[in-house]
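*Asks:* Output the structure for:
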Amino acid sequence: MLPTQHTWFSEFYQPEGVALAWTIESHLAHEVTDYQTIDIYKTTHWGHLMVIDGCVMLTSRDNFIYHEMLTHPALFSHPNPKTVLIIGGGDCGTLKEVLAHPGVVKVTQVEIDEKVTRLSERFFPELCERNQDPRAQLLFDDGLAHIQALEPESVDVIIVDSTDPIGPAEGLFGPAFIKDCHAALSHEGVLVQQSESPLLHLPLIEGIRANMRAAGFSQCETLGFPQPCYPSGWWSATVASKGGPLQPPTEARFNDAQLATRYYNPAVHAGALGTQLGLIER
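*Replies:* Next comes the predicted model:
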């Protein structure tokens, strides 16, 4: 029996008969925007908790795993990334990790809902500490339209840091969007997309990989990693390349970047490539 001295926030994932719950000290913010409903809670053990349309987006305690694994494998898969585009990512954690790479000269983040970023600046300031970096450009616009308007081969890395494939993010999982990303990427360009749980959402991952192959990407890999606040506790990012093989950086390249990571390193990168347990045909 659960203790009753705390209020609980629970996310029920009905399709798989599972729920996650956090004990809550207070409800800090509630915003209904043109796109979604956003809530921020203060938890007893996990710091601040962001919920969008009833689904957990991040907690203060474990978001670093997701942001590091969505960012660093993709950037290290490109030989020399200079220009990076983030679609979504309104909490700015991915932006922070991209800007940790000294060789990056420009990062554009296109988030459709400005309120996500403003609430993150207030309640997750540690994720927003590089928002004023002169290399960063924050746009509040439609990511689908932004990709379509880009000059061909004008971006080195595209990171799709989206919510689940419903509502405003639904189009970011379709074949037309992936083809537009392929066209916008330079000849050695890399695309990475958060691709849900390998345990619960395998058909979605297979669809993402099929879309990437159909768009013309030469290489495609799905990296698994733990993510305690998401259903099943196991999440993934699917990476595709127009150029060479997708592989971890050398120790020398990783050390030269001087990243202050808490989870990611070359060995973790290599291990993540092998965590699919045969679920996904390479």
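*Asks:* what bridges to I38?
*Replies:* Residues in a beta bridge with I38, per DSSP bridges, are E31, I52.
*Asks:* show me the contacts for it.
*Replies:* Residues in contact with I38 (Cβ atoms under 8 Å, 6 or more residues apart in numbering) are A29, H30, E31, V32, M50, V51, I52, D113, K115, V116, L119. (Glycine included, C-beta is placed from N, CA and C.)
*Asks:* Restricted to buried residues, select the residues you listed in PyMOL.
*Replies:* Listed next is the PyMOL selection for buried residues among these, using 16 or more other Cβ atoms under 10 Å:
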select buried, resi 50+51+52+113+115+116+119
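*Asks:* which one of the contacts of I38 is nearest D141?
*Replies:* D141 lies nearest to D113 out of the contacts of I38, by Cβ to Cβ, at 10.4 Å.
*Asks:* Give the burial count for the spatially closest residue to the closest one that is not a sequence neighbour, as a bare number.
*Replies:* Nearest residue to D113, sequence neighbours excluded (Cβ to Cβ, 6 or more residues apart in numbering): Y35, at 4.7 Å. Counted with other Cβ atoms under 10 Å, the neighbours of Y35 add up to 17.
*Asks:* Pull the number of nearby residues for A270.
*Replies:* There are 13 residues near A270, going by other Cβ under 10 Å.
*Asks:* repeat for R122
*Replies:* Around R122 there are 13 residues (other Cβ under 10 Å).
*Asks:* pLDDT below threshold where in this protein?
*Replies:* Scanning the chain for pLDDT under 70 picks out 1-5, 163-173, 274-282.
*Asks:* Report the residue ranges of every domain in it.
*Replies:* Listed by automatic domain parsing, the domain ranges of the chain are 7-59, 63-272.
*Asks:* Comparing the ones you listed, which comes out most buried?
*Replies:* domain 63-272 (a mean of 19; mean count of other Cβ atoms under 10 Å).
*Asks:* how about the helices in the stretch 51-200 of the chain?
*Replies:* 63-77, 93-99, 114-123, 143-149, 175-184 (DSSP state H, counting those that start in this stretch).
*Asks:* Can you lay out the ones you listed as TSV showing distance to A252?
*Replies:* Shown next, in TSV, are these (distance: least, Cβ to Cβ, whole Å):
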stretch	distance to A252
helix 63-77	12
helix 93-99	20
helix 114-123	34
helix 143-149	34
helix 175-184	30
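*Asks:* which one of these lies closest to T222?
*Replies:* Across the helices of the stretch 51-200 of the chain, closest to T222 is helix 63-77 (Cβ to Cβ), at 10.7 Å.
*Asks:* so what does the closest one touch, helix or strand wise?
*Replies:* Applying 3 or more Cβ pairs under 8 Å, 6 or more residues apart in numbering; DSSP states H and E, we find helix 63-77 packed against helix 93-99, strand 155-161, strand 185-194, strand 219-226, strand 234-241, helix 266-272.
*Asks:* In TSV, list those along with distance to Q148.
*Replies:* Converted to TSV, the helices and strands packed on helix 63-77 look like this (distance: least, Cβ to Cβ, whole Å):
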stretch	distance to Q148
helix 93-99	21
strand 155-161	13
strand 185-194	14
strand 219-226	22
strand 234-241	19
helix 266-272	31
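*Asks:* Quick one, which of those gets closest to R253.
*Replies:* helix 266-272 (8.6 Å).
*Asks:* Please save the CA atoms from that closest one in PDB.
*Replies:* Provided in PDB are the C-alpha atoms of helix 266-272 (Å, rounded to 0.1, in the frame of the first residue of the first chain):
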ATOM      1  CA  PRO A 266      32.800   6.500 -25.800                       C
ATOM      2  CA  ALA A 267      32.400   3.200 -24.000                       C
ATOM      3  CA  VAL A 268      28.700   4.100 -23.200                       C
ATOM      4  CA  HIS A 269      28.300   5.100 -26.800                       C
ATOM      5  CA  ALA A 270      29.700   1.700 -28.000                       C
ATOM      6  CA  GLY A 271      27.500  -0.200 -25.500                       C
ATOM      7  CA  ALA A 272      24.400   1.700 -26.500                       C
END
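*Asks:* Now do it: everything it contacts.
*Replies:* By Cβ under 8 Å, 6+ apart, helix 266-272 touches 69, 72-73, 76, 223-225, 247-251, 254.
*Asks:* Just give me the closest of those residues to W234.
*Replies:* Looking across the contacts of helix 266-272 and measuring by Cβ to Cβ, the closest to W234 is G224, at 6.2 Å.
*Asks:* I38 versus that closest one, what's the distance?
*Replies:* 28 Å (Cβ to Cβ, to the nearest Å).
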